[in-house]
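Colleague: Next input, structure requested:
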Amino acid sequence: MASVFFYEPYYDIERLVNQAFAPRDTQSTFQRQQNLVDGAVRSLKPRMDLHENDEQNVVTATFEFPGVSKDNIQIDVHNGRLTVSAETKEAEDVNESEYAVRERRFGKYSRTLQLPQGVKDEEIKASMENGVLNITFPKTTAEQAPKRITIS
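Modeller: Presented below is the predicted three-dimensional model:
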């Protein structure tokens, strides 16, 4: 049984094109990144790798959260969807005009995955080390595994 995971391959391309053609004014990089999309502020998406292990019947989602402690990351499960989110804030003690180069991103990070049907909350495990969050959950549950029916 193949799992279905939604992935937005063009998200980064769209973001880069929008940044390239954004007006160069006094707005900070963060303010330019937070342009309104469809009437809502678009949050940043953490980088993710998704690995399926058929032998162990496990899916591992690995997220990058550089510089974010595990206490500042939220993992929520609702209606079969797993949402990982965090928020980083820029230092307020540095004046904007004092930067020579500014590439770090600040703001709300969020990513949502559709879980396989039947996954229970207690089957989801999370660990974090060096800014890398690993979340594992079953690829299929016993209830979803194929069953053979014998003919009587």
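Colleague: so who does the closest residue to Met48 other than its chain neighbours touch?
Modeller: Closest residue in space to Met48, ignoring its immediate chain neighbours: Phe63 at 5.2 Å, by C-beta to C-beta, 6 or more residues apart in numbering. The C-beta positions use only the backbone N, C-alpha and C, and glycine is treated the same way. Applying C-beta atoms under 8 Å, 6 or more residues apart in numbering to Phe63 gives the contacts Pro46, Arg47, Met48, Val84, Arg111, Val132, Leu133, Ile135.
Colleague: for Phe63, which residues make a bridge with it?
Modeller: Met48, Leu133 (DSSP bridges).
Colleague: Tell me the pLDDT of Ile124.
Modeller: pLDDT, Ile124: 94.
Colleague: hang on, it packs against Thr136?
Modeller: Yes - between Ile124 and Thr136 there is a contact at 7.4 Å, judged by C-beta atoms under 8 Å.
Colleague: In this protein, where is pLDDT below threshold?
Modeller: 1-16, 18-19, 22-43, 91, 93, 141-146 (pLDDT under 70).
Colleague: all strands for it, in order.
Modeller: 36-37, 40-41, 48-53, 58-64, 73-78, 81-88, 107-114, 125-129, 132-138 (DSSP state E).
Colleague: List the buried residues for the fourth one?
Modeller: Residues Val59, Thr60, Ala61, Phe63 are the ones in strand 58-64 that count as buried (16 or more other C-beta atoms under 10 Å).
Colleague: Now do it and strand 73-78, the angle between them.
Modeller: Strand 58-64 runs at 140 degrees relative to strand 73-78, counting by axes from the mean of the first three to the mean of the last three C-alpha atoms, to 10 degrees.
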